[in-house]
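In: show me the folded form of this:
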Amino acid sequence: DLDVNTNATYLSVSWCCGWHDHESGIKEYYVGYSTAPVTADVGGGSLDILNWTNAGLGGTHVLPDVELVSGQRYYSCVVAVNNAGLFSDVICTNGVVYDMTPPQ
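Out: Have a look, this model is predicted:
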C-alpha cells in the first residue's frame, strides 16, 4: 500500500487474492476508513471516516470527496462475508499519510 498520498480528494483501497471460503464461498466484502487502526471485528472498533460499507464482490473501493488533513494517517480496512453470514478477520492497511508539503 501507499505510504504518502498527495491527492487530497479521496481515499481508496484495493484487495486481491488470498480471500477464500471453501465451505460456502464469499458473498461480499465490506470496507471502512479511519484515522486510527481498527483491530476489532465488524461489530466493534472505531471507523471515524466511513463505517462498514458493502463493497460487493469487487476488489476495490473509492471514497470520493474526503477532506484530508496534512500529516494525518488514514487506514483502509476490508472484511469478507461468506454465504453463511460469517465474517473473516478484519484486514487493515498500515495507513497512508496525506502530505501537502511540496517536495524540496
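
In: distance of the residue lying closest to residue 66 once chain neighbours are set aside relative to residue 33?
Out: Distances taken as Cβ to Cβ, 6 or more residues apart in numbering place residue 11 nearest to residue 66, at 5.4 Å, with adjacent residues excluded. In this view, the C-beta of every residue, glycine as well, is placed from N, C-alpha and C. Distance from residue 11 to residue 33, counting by Cβ to Cβ, to the nearest Å: 5 Å.

In: pLDDT weak spots in the chain?
Out: Along the chain, the model assigns pLDDT under 70 to residues 1-7, 40-45.

In: for residue 75, name its beta-bridge partners.
Out: residue 34 (DSSP bridges).

In: what's near enough to touch it?
Out: 33-38, 92-95 (Cβ atoms under 8 Å, 6 or more residues apart in numbering).

In: cutoff 6 Å now
Out: Contact analysis of residue 75 by Cβ atoms under 6 Å, 6 or more residues apart in numbering lists 34, 37, 92-93, 95.

In: then residue 100?
Out: residue 70.

In: which SS class is it?
Out: Counting by DSSP: H, G, I helix; E, B strand; the rest coil, the backbone at residue 100 sits in coil.

In: could we number from 48 for the rest of this?
Out: Sounds good: first residue 48 from here, last item residue 147.

In: about what we covered before: which of the contacts of residue 122 fall in helices?
Out: Among these, no member falls in helices (DSSP state H).

In: could you identify the most distant pair in these?
Out: Using Cβ to Cβ, the contacts of residue 122 span at most 10.3 Å, a distance reached by 81 and 140.

In: right, I'll leave it there.
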